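Peer 1: one predicted model, sequence on top.
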Amino acid sequence: MARPRVLIDTDPGVDDAIAILLALASPEVEVVGVVAVAGNAPLAQTALNARRIVALARRHDVVVAAGCAESLSDHVVEASVVHGRDGLGDLEWGEPDVPLDPRDGVDFTAEMIHAGPLTIVAIGPLTNLAVLLERHPGIDREVEHLVIMGGASFEGNVTPAAEFNIWADPEAARRVFAAQWRITLMPLDLTHQASLNDDDLAYFASLDTLVGARVAAMLEPYAQFHLAWHGRRDVFMHDAMAVYEVLDDAAILKCGARVSVETGGVHSRGATFIDRRRVHTDSDVRVGVSVDNERFRQLLRARLATYRD
Ligand code: RIB
Ligand code: CA
């Protein structure tokens, strides 16, 4: 059976970087493109970061394009406390030798959908996908699978109600969840079960490769943020869960649900209401419930160790 073609829509972002490196090192999938969106940093920065990560992986066959700079919702997003001013932990990088494709990232995504069955892994705000729906009505039905990291069943991370990717552009998320694609959602209550610890950071540093060194270096400030905000250095691997789902759909226990998004509200804007009641067990939206973190960590270590430099 042909490997799934995968397009990653992303706002790198330290955890985005790990997710992308995992996907690029995994033979189960063919990554056809990485499309940047504004989120953890402005678009110019997330597009540069996407080029940096693809260049670090030495995958000059993978297209990197830029999507939307502005959310459909009405507020400015700032996440430097989490991912650093440059979005990747503020390390020193040279100019990446992976170019930014001149095609508009949303139009490139449409091209990839029309070229054959495609899985989209969305690990940033959903602005690009909402604009895709606007420009190409009905294209949701042509997408084989949409895996989203976002939302929260119970407690958010940007506000008590809202998770960052949804909070950054709730109107875009509302439109995406109202469309007809097959969605698998990895909310915070799932992704908070997936984390790396200091042993993992030491392991990556010990690989004696540029990828290992960069991964360990990016994760250090991310661990310091986790210590300050959560009281432990263990770093959540939010975005990697969306990639993990595509690599092994038996790895994450899921259930059927109906998902709606709050776009108004003073305290609740960006909240996701994930309705798991029995009436929705046959819903086409599947939501991640549990994952074996030890098994995930071993897979991630093994895959990142395959990078030879
Ligand atoms: O809430 C976690 C999400 O927000 C992840 O995608 C992380 O990269 C940030 O964008
Ligand atoms: Ca992200």
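Peer 2: Great, that's in hand. Ligands and ions are numbered 1, 2, ... in the order given.

Peer 1: return the backbone torsion pair for the closest residue to Asn293 other than its chain neighbours.
Peer 2: Residue nearest to Asn293 in three dimensions, not counting chain neighbours: Ala194, with 5.4 Å by CB to CB, 6 or more residues apart in numbering. The C-beta positions use only the backbone N, C-alpha and C, and glycine is treated the same way. Here is the backbone geometry of Ala194 (degrees, to the nearest 10): phi -110, psi 120.

Peer 1: wouldn't Ala194 be in contact with Met237 here?
Peer 2: Yes - Ala194 lies in contact with Met237 (CB atoms under 8 Å); the separation is 4.4 Å.

Peer 1: ramachandran angles for Arg214?
Peer 2: Here is the backbone geometry of Arg214 (degrees, to the nearest 10): phi -70, psi -40.

Peer 1: mind checking how far it is from Leu91?
Peer 2: Applying CB to CB, to the nearest Å, the value for Arg214 to Leu91 is 7 Å.

Peer 1: out of the two, which sits in the busier spot?
Peer 2: Using other CB atoms under 10 Å as the criterion, Arg214 and Leu91 rank with Arg214 on top: 21 against 14.

Peer 1: which neighbours do Ala194 and Met237 have in common?
Peer 2: Taking CB atoms under 8 Å, 6 or more residues apart in numbering as the contact rule, Ala194 and Met237 both touch Phe296.

Peer 1: what residues are up against the residue nearest the centre of the chain?
Peer 2: Geometric centre of the chain, nearest residue: Ile123, 2.0 Å, by CA atoms, centre = their mean. Applying CB under 8 Å, 6+ apart to Ile123 gives the contacts 8-11, 13, 15-16, 19, 148-149, 165, 238-239, 242-243.

Peer 1: Glu155 too?
Peer 2: 188-189.

Peer 1: where exactly do the strands run in the stretch 51-200 of the chain?
Peer 2: Along the stretch 51-200 of the chain, the segments classed as strands by DSSP state E, counting those that start in this stretch run 63-66, 119-122, 145-149, 183-186, 195-196.

Peer 1: for ligand 2, find the nearest of the ones you listed.
Peer 2: Smallest distance to ligand 2 across the strands of the stretch 51-200 of the chain (CB to the ion): 6.6 Å, for strand 145-149.

Peer 1: just confirm yes or no for the closest one near ligand 2.
Peer 2: No - between strand 145-149 and ligand 2, judged by CB under 5 Å from the ion, nothing touches; the nearest distance is 6.6 Å.

Peer 1: give me the sheet partners of that strand and which way each runs.
Peer 2: Its sheet considered, strand 145-149 pairs with strand 119-122 (parallel), strand 183-186 (parallel) by DSSP bridges.

Peer 1: surely Leu253 is in a strand?
Peer 2: Yes - counting by DSSP: H, G, I helix; E, B strand; the rest coil, one finds Leu253 located in a strand.
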